[in-house]
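Trainee: coords please:
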Amino acid sequence: MLLLTLGTAAGGGVPQWNCACPGCSGARAHPDRRRSHDSLAVFGGGQSSWFLINAGPDITDHLEAHAELRPGAGSERTPVVRILLTDAELDHTLGLLRLREAHHLKIFATAPVRQALRERLALDSVLTPYATITWHDLPPSGQTPAVAAGIEVSAVPLSTKRPRYAADAVEDDTWVVAVRLHDPATGTTALYAPALAAWTEDFANEAAGADCVFVDGTFWDDDEPKRLGISARTSTGMGHLPIDGPGGTAGRLAQLPGRCLYTHLNNTNPLVDPSARQHRVLAGLGLEVAQDGMVIEL
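Mentor: A predicted model of the protein is given here:
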């Protein structure tokens, strides 16, 4: 199983178009600090067996930037694009509109996410004049759907956090999920959780058994959004466990046996500066910060 980190930023990317914070200003001055919206490409066995986890506004740029995601030799177009969704947030789903040139989109999501996208964002009405759309359930462990050759996928329910456009929707703990990826050929497992509101028992168990874990790294500490004036709520209040401090994820991840990387970094997070001391703190714990374009083989 090959994992390709297409993007590693939270909503708005780094730099964010309307912001001049140190993280955004630094990314404008140093293009190597730029980060696109978080997304992961997964490769199993066989030809053209890749699929995507989340489709942000940068998704077609991601596909074009990597030769292995372009149409194969002798192919005029990519016949099918498979996308798994961890939630219904705009920064993880707006890219579906940019994929309208696809012949066939297969979208895997939990029931509340499907309902929000189809009814509140009218995704079917917008996309079906251009492409064939089929929706598939993203079930919990033990009920693996056929996504692509060689990889078993399942959802780990995480939280009831709904996007703002669906704030009045019925609560359900599958609004946000982690995606579990298992390769039977190698016996390896990866867990992808770009949004994590609480360290649940199910998530803890899955993370403990994974060889590679991608975890929500939106904010460094819980007070960051309030301190910097981007929200009246804390990191936890916004549905993102902070990295550092009481209740943070760093100490818990440091106890896991697998490789652990942070993704979904907000532009205000000091980790967007490669010289920030916070990188040394994580390195001392054996933890990493994912970078756009990283390839991990399991």
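Trainee: other SSEs contacting the strand or helix carrying residue 296?
Mentor: Using DSSP states H and E, residue 296 falls within strand 295-297. With contacts defined as 3 or more Cβ pairs under 8 Å, 6 or more residues apart in numbering; DSSP states H and E, the packing partners of strand 295-297 are strand 2-7. Using the backbone N, CA and C atoms, a C-beta is placed for each residue, glycine as well.
Trainee: which residues of the stretch 51-200 of the chain fall in helices?
Mentor: Secondary structure of the stretch 51-200 of the chain (DSSP state H, counting those that start in this stretch): helices located at 59-65, 90-93, 95-98, 111-115, 123-127.
Trainee: And the first one, what's buried?
Mentor: Buried positions in helix 59-65, judged by neighbour count with 16 or more other Cβ atoms under 10 Å: 59, 62-63.
Trainee: What's the separation between the residue located most distally from the centre of the chain and residue 103?
Mentor: Centroid-distance maximum for the chain: residue 74 at 31.5 Å, with Cα atoms, centre = their mean. To residue 103, residue 74 is 16 Å away according to Cβ to Cβ, to the nearest Å.
Trainee: Check residue 205 too.
Mentor: As judged by Cβ to Cβ, residue 205 and residue 103 stand 39 Å apart.
Trainee: same deal with residue 270?
Mentor: Going from residue 270 to residue 103 by Cβ to Cβ gives 43 Å.
Trainee: hey, where'd the strands end up in the stretch 151-298 of the chain?
Mentor: Assigned by DSSP state E, counting those that start in this stretch, the stretch 151-298 of the chain shows strands spanning 152-159, 176-183, 188-193, 212-216, 259-263, 288-289, 295-297.
Trainee: which stretch among those comes nearest residue 90?
Mentor: strand 176-183 (13.8 Å; Cβ to Cβ).
Trainee: Give the partner strands of that closest one in its sheet and their orientations.
Mentor: With DSSP bridges as the test, strand 176-183 is paired with strand 152-159 (antiparallel), strand 188-193 (antiparallel).
Trainee: okay if I get those strands as TSV plus mean neighbour count and distance to residue 297?
Mentor: Output for the strands paired with strand 176-183, formatted as TSV (neighbours: other Cβ atoms under 10 Å; distance: least, Cβ to Cβ, whole Å):
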stretch	mean neighbour count	distance to residue 297
strand 152-159	21	17
strand 188-193	22	9
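Trainee: Now render those as a markdown table, adding distance to residue 87 and mean pLDDT.
Mentor: Converted to a markdown table, those look like this (distance: least, Cβ to Cβ, whole Å; pLDDT from 0 to 100):
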| stretch | distance to residue 87 | mean pLDDT |
| --- | --- | --- |
| strand 152-159 | 9 | 94 |
| strand 188-193 | 10 | 97 |
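Trainee: Quick one: closest of these to residue 22.
Mentor: When the strands paired with strand 176-183 are compared by Cβ to Cβ, strand 188-193 sits nearest residue 22, at 26.9 Å.
Trainee: tell me the angle the closest one makes with strand 2-7.
Mentor: Angular relation of strand 188-193 and strand 2-7 on a 0 to 180 degree scale: 20 degrees, by axes from the mean of the first three to the mean of the last three Cα atoms, to 10 degrees.
Trainee: which outside residues touch strand 188-193?
Mentor: 1, 3, 40, 53, 86, 156, 158, 178-183, 203, 206-207, 209-216, 296, 298 (Cβ atoms under 8 Å, 6 or more residues apart in numbering).
Trainee: List only buried entries from these.
Mentor: 1, 3, 40, 53, 86, 156, 158, 178-183, 203, 206-207, 210-216, 296, 298.
Trainee: May I have stretch 122-130 as PDB, with CA atoms only?
Mentor: Taking C-alpha atoms only, stretch 122-130 is exported to PDB below (Å, rounded to 0.1, in the frame of the first residue of the first chain):
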ATOM      1  CA  ALA A 122     -27.700  19.700  -4.300                       C
ATOM      2  CA  LEU A 123     -24.600  17.900  -5.600                       C
ATOM      3  CA  ASP A 124     -26.500  15.400  -7.700                       C
ATOM      4  CA  SER A 125     -28.400  18.200  -9.500                       C
ATOM      5  CA  VAL A 126     -25.200  20.000 -10.200                       C
ATOM      6  CA  LEU A 127     -23.000  17.100 -11.300                       C
ATOM      7  CA  THR A 128     -25.200  14.600 -13.000                       C
ATOM      8  CA  PRO A 129     -25.600  16.700 -16.200                       C
ATOM      9  CA  TYR A 130     -21.800  16.300 -16.600                       C
END
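Trainee: what about the residue farthest from the centre of the chain, distance to residue 129?
Mentor: For residue 74, the distance to residue 129 - Cβ to Cβ - is 28 Å.
Trainee: got it, and residue 229?
Mentor: 42 Å.
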